[in-house]
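[1] Let's see this in three dimensions:
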Amino acid sequence: MFLGPDGAEVDWVVGYGPPPEKFQEELAKIVAGGETYKDLSAAYAKNPKNAATVFKLALKWAYRYDTPKSLALYKEVVALDPDGKAGDYTNEYTKVTVPYTEYAALQLAAGGISGSSPSAKPLRDFMAKYPKSPLMKDAYGRMANYYGRTAPKEEAEAFFEEYAAKYPENPAILDQWLARIIRDKGPYEKGVELAEKIQKARRGPSIPDPNQNVAELYLLKGDKEKADDVYGKGFMENQVFYLAYNMISYANYWLRKDANKESALAMAEKALAMVPDNSFFMQQVAAIYLKLNQDDKALALFGPAFVQKKMGDASALNEYAWFWAGKGKNLDSALIAAQKAVELKPKQYYIWDTLGAVYGKLKNTAAAVKAMEKAIELAPEATKATYRRNLEKIKAEAEKK
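    Prediction:
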């Protein structure tokens, strides 16, 4: 988060991915200014009819996961520039370039698969209006989320038949289809057929990662910097992270099934050894130790010693306190962490929520209510309802006594 001298928001970056040099470049752009949230907001105030400005401001809110604000602005883009002539947007990850209006239209259509009455119709309408859009694959992917979880069984089956036929080279689609069959507990015959196709698509001798060939091309051109970008340190750091994540997923899967416990534990510990300073993996492995009734190991890994190391890190302390509040264990240490986090960041509403949760587990209802009321006071309007529900739960638990 970047703040100006007056404390007002200048801009923000949500999330991080290696290498650090690329992240630093992003921060340098913000410092230089020009298209920060503050710049775009000022430009929008002066001329709310400029579709390019409105679109870029919508992206800012989308990156921050503020869906209501981003969708409201995307709607303005479509109204201001229905023919899509105001300019083009290139997604930095997919490298797909489309008019602002076309991208905004997809985001608005995708909003139809969420909410109280989800429907794929807006996305179907988008596909009908832009039949040759480079965003077609994205539109199908958005619909897959709806058909994979929410749509009636018969509709889901028809959709995945269509989706798999359109992109037969992508076994990930078969994975999604199989997951829906598992959710529906059938049809098993189709599930077996898909499983065999998935295995066949992934079978065979190992081949070099495609990034290796891209790097080789750049080296032939004499561009080592680009070769490093696609197949250097950052690439391998991501590979290590994903492998560790998959190992943790494996461990959690088999523990849920109450099977393969020895292998699950071994994979979890190997994953942590690969990323030893990552608090997410520390929590995951600690949770696995707790499931296996190895509380001493959990506390040794993610217990009071961790708090002592992180006494200046409000985020780490908050994660720690929230973890143990959820487990209902190690609550005295969790309380120390939550109190210190509040001391470090007294205006962060979610930290007050954590403190309230810890007090609630400790049966200190008065302190829990006070902390939750503070969380509600500080929380944005969009999230106040969530914390009010949390407060009501604490009060209800107190009444049971």
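[2] going forward, measure contacts between C-alpha atoms and count neighbours the same way
    OK.
[3] how many neighbours does residue 398 have?
    Here the number of neighbours of residue 398 (other CA atoms under 10 Å) works out to 14.
[4] now swap in residue 277 and tell me
    Applying other CA under 10 Å, we find 10 residues neighbouring residue 277.
[5] Check the secondary structure at it for me.
    Applying DSSP: H, G, I helix; E, B strand; the rest coil to residue 277 yields a three-state assignment of coil.
[6] Likewise for the one 4 residues further on?
    Following three-state DSSP, residue 281 is assigned to helix.
[7] And residue 323, by the same measure?
    helix.
[8] Skipping adjacent residues, who's closest to it in space?
    Once its chain neighbours are removed from consideration, residue 323 has its nearest residue in residue 283; the separation is 7.4 Å (CA to CA, 6 or more residues apart in numbering).
[9] Isn't the one you found up against residue 303?
    No. Assessed by CA atoms under 8 Å, residue 283 is found out of contact with residue 303, at 10.0 Å.
[10] Can you give me the pLDDT of residue 36?
    The predicted structure scores residue 36 at 96 on the pLDDT scale.
[11] That one contacts residue 4, doesn't it?
    No. Contact status for residue 36 versus residue 4: not in contact, 11.8 Å apart, counting by CA under 8 Å.
[12] and those two? which has more neighbours close in?
    Remark: of residue 36 and residue 4, residue 36 carries more neighbours, 21 against 10, as counted by other CA under 10 Å.
[13] what's the distance between that one and residue 60?
    When distance is defined by CA to CA, to the nearest Å, residue 36 is 8 Å away from residue 60.
[14] Show me the domain layout of the chain.
    As assigned by automatic domain parsing, the chain contains the domains 2-202, 233-400.
[15] looking at those domains, which is closest to residue 211?
    Each of those was scored for nearness to residue 211 using CA to CA, and the closest is domain 233-400 (8.9 Å).
[16] Can you get me the start-to-end distance on the closest one?
    Distance between the boundary residues of domain 233-400 (CA to CA) amounts to 55 Å.
[17] Report the distance from the worst-scoring helix or strand of the chain on mean pLDDT to the chain centre.
    Lowest on mean pLDDT, DSSP states H and E among the helices and strands of the chain sits helix 210-220, with a mean of 80. Centre-to-centre, helix 210-220 and its host chain are 30 Å apart (CA atoms, centre = their mean, to the nearest Å).
[18] Quick one: residues in contact with the helix or strand where residue 318 lies.
    Under the assignment given by DSSP states H and E, the secondary-structure element containing residue 318 is helix 314-327. Outside of helix 314-327, the residues that reach it under the criterion CA atoms under 8 Å, 6 or more residues apart in numbering are 279, 283, 302, 307, 310-311, 330-331, 333-335, 337-338, 340-342, 344-345, 351, 354-355, 357-358, 361.
[19] Which of those fall in helices?
    When DSSP state H is applied, the contacts of helix 314-327 are split such that 279, 283, 302, 307, 331, 333-335, 337-338, 340-342, 344, 351, 354-355, 357-358, 361 fall in helices.
[20] Quick check: residue 134 vs residue 62, distance?
    In this structure, residue 134 and residue 62 are separated by 20 Å, where distance is defined by CA to CA.
[21] higher neighbour count, these two?
    The residue with more neighbours, out of residue 134 and residue 62 and counting by other CA under 10 Å, is residue 62; that gives 18 against 14.
[22] Report the residue spans of the protein with pLDDT below the cut-off.
    Using pLDDT under 70 as the threshold, the predicted model of the chain has low-confidence ranges 202-210, 401.
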